[in-house]
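J.: no FASTA, just this:
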C-alpha cells in the first residue's frame, strides 16, 4: 500500500512523534511505501483563505468550496495545497497521527483537512459517504490522549471516545468515502511510565501489521436515502446508525 | 452582560458575517457591552507552538498545557493570547459565530480554542465540567451550514447535528464550566433566497433577545463521579447522559 502519515505534534521528541517514527519504520519493513507530512516541521498554514487561489471564479465574493472546485479545475490551487492533495490522492491509506486537543484535532491538522480535502475532488454534489471522492482508500487515526480508558466509555465522565470523534470519523473521513479503521488510541500518555510506553508502542506495531485485514467501522450508505436525502423506509431501518 | 463574539469567516460580506453584525447591533441596543474578535481580520495565528511562551518551565521538551500554566503564572503568554484571554475572562457570554467546516470549526477558530483556553485558567486538575474554570459564563454557537434540517436529525443522513457538535458543546464549552445555550443554526445558507435570509436574521434577532432566560443544555456533573472519575452508582443513573 501507499501510506501517507499526516503528523501534527509540536514536540519532535514526544511520544506522539515516536508513534509516527515507529509507523514509518514498521510500514517500510512490511513493504509499504510511506510518505510523511509533518505539519509542524513543514510550518503548515492551516487558514483557509482567499490566498489559497491563484484564480477566482468570483473575485468579489469568496465562497471557499466553489473556489476550491474552480481552482482545482484550473490547476491554480496554492502550491502547498496541491502538493498535499497529490499525496492524498497517491495514498491507499492515510494515518492521522496527532494528540487530542479539545476532543478533536490540533488546529494545524484541522486546517490540513479544511484546505486539502478539496471540493470537487474529495466530495461535491451527491458524492459523499459511500459515494465520496476518496472511496477505496482507508483512513486511521493514531492518537494520544491524557484521559484514561474508563473516562472515555459510555457511562464514563466524557462518554464514549468514538462519540467525541464523530465529526472526524463519520463527518470527515467516512463522508469523503474512506473506509475508516478503528482508531488506535494511546491513553493517559503524559502520565505513563517508560515501560508502559514501550508496551503501547508494541501494541501499535501489532496494529500496523494487521491494517490490511482489519474490518472498517460501519457508517451510513446513501442507498438508504432518496434523491432529496430523505430516509427510505426499509424493513431493517431500525438498525440504521 | 459582557458579550464576546468570536467570528471566523473569510468573506466579510457573507451571511455569516451579517449574523455577527446583527448581533453586535442588537446586543448593543439591548444594553449589553460587546467586543468582537474577528479572527480573519485580526490575522489570528491558530497554531499552538513553542512560540506562544515567553518563558519555559522546560526549555528542552514542550508539553503545551504545562507551559500554558507556567506562562500564565509568570505573565509571559504571547501577547495575542493574553489579549484574547482577557476578553474571555471579561465576558459573561461568548458567542462563537462561524460556518461549519467538516462538521466542526474552521481551523482558525479551533486554534483560538487551542491557544486561548489556557490550562490552569480554563481547566486543570479536577477543574472541569461543572467545576471548570469558566463556570458562571454562558456560551452559544451561532453557525451557518450548507445542509438542510432533515439531513441533520436522528435518522437523517448525517444524524443529529448536536451529536456532530459534541466535542465542541460538551468536550470544550461544557468541559470548561460554561453554561452552553442551544446553538443557533442557519441551515442551507448557500442556497436560500434573499427573503429566506431576512427571515433567518429575524429569527436570530429574536434569539438574541431571550439569551438571559434561555435554559442551557444539560451535561454531566462531576458529582456523579468519584475521585478517580469512576461513576458513582445512583438510583437514577440510567438517565445519565
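T.: Ah, there it is. Just so you know, these numbers come straight off a predicted model, no measurement behind them.
J.: pLDDT (mean, whole number) over stretch A:211-230?
T.: The pLDDT scores in stretch A:211-230 average 94.
J.: Pull out the buried positions in that stretch.
T.: Under the neighbour-count criterion of 16 or more other Cβ atoms under 10 Å in any protein chain shown, stretch A:211-230 has A:211, A:217, A:219-220, A:224-225, A:229 buried. To be clear about C-beta, it is placed using only N, CA and C from the backbone, and glycine gets the same treatment.
J.: Just put those in TSV and tack on secondary structure and distance to residue A:17.
T.: TSV is the format used below for those (DSSP: H, G, I helix; E, B strand; the rest coil; distance: Cβ to Cβ, whole Å):
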residue	secondary structure	distance to residue A:17
A:211	coil	20
A:217	coil	26
A:219	coil	30
A:220	coil	35
A:224	helix	41
A:225	strand	41
A:229	coil	41
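J.: near chain B too, which of the residues you listed?
T.: A:220, A:225, A:229 (Cβ under 8 Å from any Cβ of the partner chain).
J.: Quick check: the first one vs residue B:107, distance?
T.: Residue A:220 sits at a distance of 26 Å from residue B:107 (criterion: Cβ to Cβ, to the nearest Å).
J.: Chain A: strands as residue ranges?
T.: Using DSSP state E, the strands of chain A run over A:2-7, A:33-38, A:93-99, A:138-144, A:179-180, A:184-186.
J.: List the buried residues for the first one?
T.: Using 16+ other Cβ under 10 Å as the burial criterion, the residues of strand A:2-7 that qualify are A:3-7.
J.: Verify the stated contact: residue A:36 with residue A:17.
T.: No: checked against Cβ atoms under 8 Å, the pair residue A:36 and residue A:17 is beyond contact range at 10.6 Å.
J.: Now for the two: what residues contact both?
T.: Listed as contacting both residue A:36 and residue A:17 by Cβ atoms under 8 Å, 6 or more residues apart in numbering or on different chains are residue A:7.
J.: The buried residues of stretch A:211-230: which two are farthest apart?
T.: Greatest spatial distance among those (Cβ to Cβ): A:211 and A:229, at 32.4 Å.
J.: nearest to residue A:156, of the ones next to chain B among the buried residues of stretch A:211-230?
T.: Closest approach between these and residue A:156, by Cβ to Cβ: residue A:220, at 25.6 Å.
J.: Tell me which residues touch residue A:80, please.
T.: Listed by Cβ under 8 Å, 6+ apart, the contact partners of residue A:80 are A:44-45.
J.: how about 10 Å then?
T.: Listed by Cβ atoms under 10 Å, 6 or more residues apart in numbering or on different chains, the contact set of residue A:80 reads A:42-45, A:52, A:112, A:115-116.
J.: Next step: those residues restricted to helices.
T.: Members of the contacts of residue A:80 lying in helices (criterion: DSSP state H): A:42, A:112, A:115-116.
J.: Which one (most neighbours) among those?
T.: Among the ones in helices among the contacts of residue A:80, residue A:112 has the most neighbours (other Cβ atoms under 10 Å in any protein chain shown), with 27 neighbours.
J.: Would you mind measuring from it to residue A:172?
T.: Applying Cβ to Cβ, the value for residue A:112 to residue A:172 is 11 Å.
J.: Return every residue with contacts to both of the two.
T.: The contact sets of residue A:112 and residue A:172 overlap at A:96, A:105 (Cβ under 10 Å, 6+ apart).
J.: Confirm for me that residue A:158 is in contact with residue A:152.
T.: Yes: if you go by Cβ atoms under 10 Å, residue A:158 and residue A:152 touch, sitting 5.4 Å apart.
J.: what do the two both touch?
T.: Taking Cβ under 10 Å, 6+ apart as the criterion, residue A:158 and residue A:152 both touch A:103, A:145, A:164.
J.: backbone phi and psi for the second one, please?
T.: So that's residue A:145. phi -150, psi 150 (degrees, to the nearest 10).
J.: Now do the same contact list for the residue nearest to it when sequence neighbours are not counted.
T.: Using Cβ to Cβ, 6 or more residues apart in numbering or on different chains and skipping the chain neighbours, the partner closest in space to residue A:145 is residue A:100 (4.3 Å). Contacts for residue A:100 (Cβ under 10 Å, 6+ apart) come out as A:16, A:106, A:141, A:143-147, A:152, A:161, A:164-165, A:185, A:189, B:167, B:171.
J.: who wins for most neighbours among these?
T.: Neighbour counts for the contacts of residue A:100 peak at residue A:106, which has 28 neighbours (criterion: other Cβ under 10 Å).
J.: shouldn't it be in contact with residue B:107?
T.: Yes: counting by Cβ under 10 Å, residue A:106 does reach residue B:107; the two are 9.1 Å apart.
J.: Now the common contact residues for the two.
T.: When contacts are counted by Cβ under 10 Å, 6+ apart, residue A:106 and residue B:107 have A:46, A:112, B:46-47, B:114 as shared neighbours.
J.: Tell me which two in those residues are the farthest apart.
T.: A:112 and B:114 (14.4 Å).
J.: ok so, going back, so which of the ones in helices among the contacts of residue A:80 are also by chain B?
T.: A:112, A:115 (Cβ under 10 Å from any Cβ of the partner chain).
J.: May I see the ones in helices among the contacts of residue A:80 organised as CSV, with pLDDT and distance to residue B:137 added?
T.: Shown next, in CSV, are these (pLDDT from 0 to 100; distance: Cβ to Cβ, whole Å):
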residue, pLDDT, distance to residue B:137
A:42, 98, 37
A:112, 99, 31
A:115, 98, 32
A:116, 98, 35
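J.: Could you save the ones in helices among the contacts of residue A:80 as TSV and add columns showing distance to residue A:134?
T.: Listed next are those as TSV, based on distance: Cβ to Cβ, whole Å:
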residue	distance to residue A:134
A:42	22
A:112	14
A:115	15
A:116	11
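J.: that older thread, tabulate the strands of chain A in JSON lines, adding columns for distance to chain B and mean pLDDT.
T.: Formatted as JSON lines, the strands of chain A follow (distance: least, Cβ to the nearest Cβ, whole Å; pLDDT from 0 to 100):
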{"stretch": "strand A:2-7", "distance to chain B": "14", "mean pLDDT": "98"}
{"stretch": "strand A:33-38", "distance to chain B": "13", "mean pLDDT": "98"}
{"stretch": "strand A:93-99", "distance to chain B": "8", "mean pLDDT": "98"}
{"stretch": "strand A:138-144", "distance to chain B": "12", "mean pLDDT": "98"}
{"stretch": "strand A:179-180", "distance to chain B": "14", "mean pLDDT": "98"}
{"stretch": "strand A:184-186", "distance to chain B": "15", "mean pLDDT": "98"}
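J.: need those in TSV with distance to residue A:87, can you?
T.: Output for those, formatted as TSV (distance: least, Cβ to Cβ, whole Å):
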stretch	distance to residue A:87
strand A:2-7	5
strand A:33-38	6
strand A:93-99	9
strand A:138-144	13
strand A:179-180	18
strand A:184-186	21
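J.: which stretch among the ones you listed comes nearest residue B:124?
T.: Residue B:124 lies closest, by Cβ to Cβ, to one member of the strands of chain A: strand A:93-99, at 16.8 Å.
J.: angle of that closest one against strand A:33-38?
T.: 30 degrees (axes from the mean of the first three to the mean of the last three Cα atoms, to 10 degrees).
J.: nearest residue to residue A:38 other than its sequence neighbours?
T.: In space, and not counting its chain neighbours, residue A:38 is closest to residue A:7: 4.9 Å by Cβ to Cβ, 6+ apart.
J.: and what of residue A:47?
T.: Leaving aside its chain neighbours, residue A:47 sits nearest to residue B:108 (5.1 Å; criterion: Cβ to Cβ, 6+ apart).
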